[in-house]
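In: the following block contains a protein sequence and its predicted model.
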Amino acid sequence: MTKNNELFFVYFKIYSYFCSAFCSAKHSIVMFDFENTVAEIEWKVRKLIEENNRLRTVEAELTERCQQLQKEIDNNNIVINNLKEQQTIIKLGNALTQKGDSAEIKLKINQLIRSIDKTLLLINKTEAK
């Protein structure tokens, strides 16, 4: 072999060595990046699952609180209706003491009875729930 051929083969061997080293290093870098990306995705998925579980718990607590508040509102509405009825009864009692029209008083009494019946139905319905 000539000197140029020998040089060529030496350069070729050196080039091949560096290429193989570079390619395996590049492959390692690519694999390292891929493994990091997969690990990062797994971490993010775990965090999302934890956040989802936390939010489900919060939602359940808020739903329960909303139901409690709704029951409280219903009970308060019943109390308000009862107080309105008591107010009407007091007004009716005052009207009786003033010797008003008996037909008007009978109409008010009938209205009160209907109102009391409705209130009792509401109370029974809320207790049944």
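Out: The structure has been received and is ready for your questions.
In: relative to Lys47, how far out is Gln70?
Out: 34 Å (C-beta to C-beta, to the nearest Å). C-beta here means a position set from N, CA and C on the backbone, and glycine is covered the same way.
In: what stretches of the chain score poorly on pLDDT?
Out: 1-35, 95-102, 127-129 (pLDDT under 70).
In: which parts of it are helices?
Out: 3-97, 102-128 (DSSP state H).
In: which elements pack onto the shortest one?
Out: Here helix 102-128 is seen to pack against helix 3-97 when contacts are counted using 3 or more C-beta pairs under 8 Å, 6 or more residues apart in numbering; DSSP states H and E.
In: looks like Ile105 contacts Leu92 (just checking).
Out: Yes: using C-beta atoms under 8 Å, Ile105 is in contact with Leu92, at 6.7 Å.
In: pick out whichever of the two has more residues nearby.
Out: Per other C-beta atoms under 10 Å, whichever of Ile105 and Leu92 has more neighbours is Leu92, with 17 against 14.
In: spatially nearest residue to the more buried one (excluding sequence neighbours)?
Out: Nearest residue to Leu92 in three dimensions, chain neighbours excluded: Lys108, at 5.2 Å (C-beta to C-beta, 6 or more residues apart in numbering).
In: does that neighbour touch Gly93 like I think?
Out: No: counting by C-beta under 8 Å, Lys108 sits too far from Gly93 to count as a contact (10.5 Å).
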